[in-house]
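> I need the structure of the sequence given here:
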Amino acid sequence: MDTTEGDQEMKGLFSSRPGLFGLGCLLAAMMGCVAASPALAASTVPDTSGCHNPDLSQPFLPFGDRNDYTLMPGESVDSFDGNGWTLSGGASLKTTTLADGKTAQILDLPSGSRAVSPTICVSNDYPTARTEVRNVVGAEGVQFYVSYDGTNTWTSPKNTGQFHGHNTSWSLSDPINLQPSGSSGWQLVKFTFVPGGKASDFQLYDFYVDPRCRG
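Below you'll find the model as predicted:
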């Protein structure tokens, strides 16, 4: 796990909206992860040759969510190992009791911290993500940013909203907007989590990306 200060400060916004699910289930069955690489200039054409098919599951069926999801790198089911993530400002991995009573490692985000994910591959069929989250202290939520390689959001991440738990109990977040571009084909993206508030603390695990498949 890389815990060095490696990303530039967030600045500016870049407007984009998810487009058509034109490739349907063919692309929705194909998402992959690539190892995080040094930030590239926005003019550089992203190299998506490392993308490959993901493992899909329906982890949120108990909540009535029948969508297929793929788990982010640096995680296994019910455990956050942080491999490939960049943690700073007090973000850390902690061991605690999960929603199902198991004891495992989670991502802890106190005020002033930041967590940046590894780079992954998505297409315009990947509109959302969801995670298990709880508010340990405070209720301001975790700000969520996207950085797409080949756009100015790569160095100036775009805030697409926030997510939070319900009090101090573990709960499933609402869908989190990834805002991929409307163009077809693979896009390289990384995510940044920034907790809100001046004296808050949030924890999360099982962060899944939704490759939405519609027949």
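> centroid-nearest residue for this structure?
Phe191 (4.9 Å; C-alpha atoms, centre = their mean).
> OK, contacts around that residue?
The neighbours of Phe191, taking C-beta atoms under 8 Å, 6 or more residues apart in numbering as the test, are 116-117, 129, 144-147. (Each C-beta comes from the backbone N, C-alpha and C, glycine too.)
> so which of those is the closest to Gly84?
When the contacts of Phe191 are compared for distance to Gly84 (C-beta to C-beta), Ser117 wins out at 7.5 Å.
> which SS class is the closest residue to the closest one other than its chain neighbours?
Sequence neighbours aside, Phe191 is the residue nearest to Ser117 in space, at 4.3 Å (criterion: C-beta to C-beta, 6 or more residues apart in numbering). Look at Phe191: counting by DSSP: H, G, I helix; E, B strand; the rest coil, its state is strand.
> likewise the one 3 residues further on?
Reducing the assignment at Val194 to three states with three-state DSSP gives strand.
> these two touch, right, it and Pro157?
No: counting by C-beta atoms under 8 Å, Val194 does not reach Pro157; the two are 9.3 Å apart.
> who has more neighbours, those two?
Neighbour tally, Val194 and Pro157, criterion other C-beta atoms under 10 Å: the higher count belongs to Pro157, 27 against 22.
> per-residue pLDDT, the more buried one?
pLDDT, the model's per-residue confidence, is 98 for Pro157.
> tell me the contacts of it?
Here Pro157 is in contact with 10, 145-147, 192 (C-beta under 8 Å, 6+ apart).
> between those residues, which sits nearest Phe60?
Nearest member of the contacts of Pro157 to Phe60, counting by C-beta to C-beta, is Val146, at 21.2 Å.
> quick check: Thr131 is in a helix.
No: under the criterion used here (three-state DSSP), Thr131 is strand, not part of a helix.
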